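Visitor: Sequence first, predicted coordinates after that:
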Amino acid sequence: MGKGSKKILEELEERVKTLVRLRPSHKEILEFYGAILREQLKARGKICRDMTLEKPRTSSQEDEEGPLLRGRKIPIDFELAKKLFRCLCRVAKGGTPILKEGIEKIERAARDGRIDIDRFLEEMALSESRYLEEASSSIGLSRDILTFLGRASIQPFLIEAAATLTEGADMKEWSESRCPVCGAPPLLSELAETEGRRMLICSICGHRCKGVRMACPFCHTQDPKAHRYLFVEGDESVRIDVCEVCKKYIKTIDSRKMSQRIFPLLEDMGTLHLDMLAQGEGYQRGSTPFLDIS
Ligand SMILES: [Zn+2]
Ligand SMILES: [Zn+2]
């Protein structure tokens, strides 16, 4: 594992500790997602950096104007994805009793050949769900657990592909409600000192870029009267931005108030009290996390 990967793992441990200290009621969920992220980061350290992402030979105008990843085949090392899948199973067994029981079912089914993990991961990489349906019903399990594990095993490759495509590229701002790289909705927004503008962070590929000034990331209204913030007194490093037009919300992390690296999924899962606050006032999340088993 490279120096960079080791450093980021240390930063993750520090961030988990800080968030647990700040919000002890979220300890279990923070430690759970911290452990999932740790395995994903370790796997990312092993992904070949110089991946080639050729454009499809026949690309339509829709492909040209759409997200960068559309129509491109992402090179996935399925042996590595399978290893990550097994590591994530081991880690997730430390979660809730339902999760533990579900994962034991998956492991038994994989051992006696009732499910084919290779085929499952290959289909997850193509965002297909036919085999997912088949596999979950054959082992008598809700599809949530398999979806979570499959997505989490493929995500590091998507993140690396997004990083490869955007490196040095002149990226346009996030003008629609989808990520300019992969097309997913934003998970969080961030106020960062250096950029001086609200940044949006993708829920799937992690791409981070400027959003349109004063615009709702979901319905694009720019009317200042439509925007309102909710936060908990004494914890102003994270707030909820609600939109009165579409009634959706997004969390905004103020990283100018933090000295540590932020990990979007962790920041999101560590602030579920804010979701309750916003939902209690009749607003809905603008996007659900790509990895959510809570
Ligand atoms: Zn994306
Ligand atoms: Zn809106």
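Guide: Perfect, thanks for sending it. Ligands and ions are numbered 1, 2, ... in the order given.
Visitor: interface residues of this protein facing ligand 2?
Guide: 216, 218-219, 243, 245-246 (CB under 5 Å from the ion). All C-beta spots, glycine's among them, are computed from the backbone N, C-alpha and C.
Visitor: could you redo these as a markdown table and give each row secondary structure?
Guide: Listed next are the residues of the chain next to ligand 2 as a markdown table, based on DSSP: H, G, I helix; E, B strand; the rest coil:
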| residue | secondary structure |
| --- | --- |
| Cys216 | coil |
| Phe218 | coil |
| Cys219 | coil |
| Cys243 | strand |
| Val245 | coil |
| Cys246 | coil |
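Visitor: could I get the residues you listed as CSV with neighbour count?
Guide: CSV is the format used below for the residues of the chain next to ligand 2 (neighbours: other CB atoms under 10 Å):
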residue, neighbour count
Cys216, 24
Phe218, 21
Cys219, 14
Cys243, 22
Val245, 14
Cys246, 18
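Visitor: which of the residues you listed lies closest to Cys87?
Guide: Of all the residues of the chain next to ligand 2, Cys87 sits closest to Phe218, with 34.6 Å by CB to CB.
Visitor: contacting residues for the closest one?
Guide: Residues near Phe218 by CB atoms under 8 Å, 6 or more residues apart in numbering: 177, 185, 243, 246, 248, 250, 286.
Visitor: With Met214 instead?
Guide: 222, 224, 227.
Visitor: do Leu187 as well
Guide: With contacts defined as CB under 8 Å, 6+ apart, the neighbours of Leu187 are 201-203, 264-265, 268, 287, 289-290.
Visitor: Kindly recompute the last result at 7 Å.
Guide: 201-203, 264, 268, 287, 289 (CB atoms under 7 Å, 6 or more residues apart in numbering).
Visitor: returning to that earlier point: lowest-confidence member of the contacts of Phe218, which is it?
Guide: The member of the contacts of Phe218 with the lowest pLDDT is Ser177, at 74.
Visitor: Residues of the stretch 51-200 of the chain that sit close to ligand 1?
Guide: Residues of the stretch 51-200 of the chain lying close to ligand 1 (CB under 5 Å from the ion) are 179, 181-182, 184.
Visitor: Output stretch 249-269 as PDB, nothing but the C-alphas.
Guide: Below are the C-alpha coordinates for stretch 249-269, written out as PDB (Å, rounded to 0.1, in the frame of the first residue of the first chain):
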ATOM      1  CA  TYR A 249     -33.000  19.200   1.200                       C
ATOM      2  CA  ILE A 250     -29.300  18.600   1.200                       C
ATOM      3  CA  LYS A 251     -26.800  18.700   4.000                       C
ATOM      4  CA  THR A 252     -24.000  21.200   3.800                       C
ATOM      5  CA  ILE A 253     -20.700  20.600   5.600                       C
ATOM      6  CA  ASP A 254     -18.700  23.700   6.400                       C
ATOM      7  CA  SER A 255     -15.200  22.300   6.100                       C
ATOM      8  CA  ARG A 256     -13.800  25.800   6.800                       C
ATOM      9  CA  LYS A 257     -14.600  25.100  10.400                       C
ATOM     10  CA  MET A 258     -12.800  21.700  10.400                       C
ATOM     11  CA  SER A 259      -9.100  20.900  10.400                       C
ATOM     12  CA  GLN A 260      -9.600  17.300   9.300                       C
ATOM     13  CA  ARG A 261     -10.300  15.700   5.900                       C
ATOM     14  CA  ILE A 262     -14.000  15.000   5.500                       C
ATOM     15  CA  PHE A 263     -15.400  11.700   4.300                       C
ATOM     16  CA  PRO A 264     -18.800  12.400   2.700                       C
ATOM     17  CA  LEU A 265     -20.600   9.100   3.600                       C
ATOM     18  CA  LEU A 266     -19.300   9.300   7.200                       C
ATOM     19  CA  GLU A 267     -20.400  13.000   7.600                       C
ATOM     20  CA  ASP A 268     -23.800  12.000   6.200                       C
ATOM     21  CA  MET A 269     -24.300   9.000   8.500                       C
END
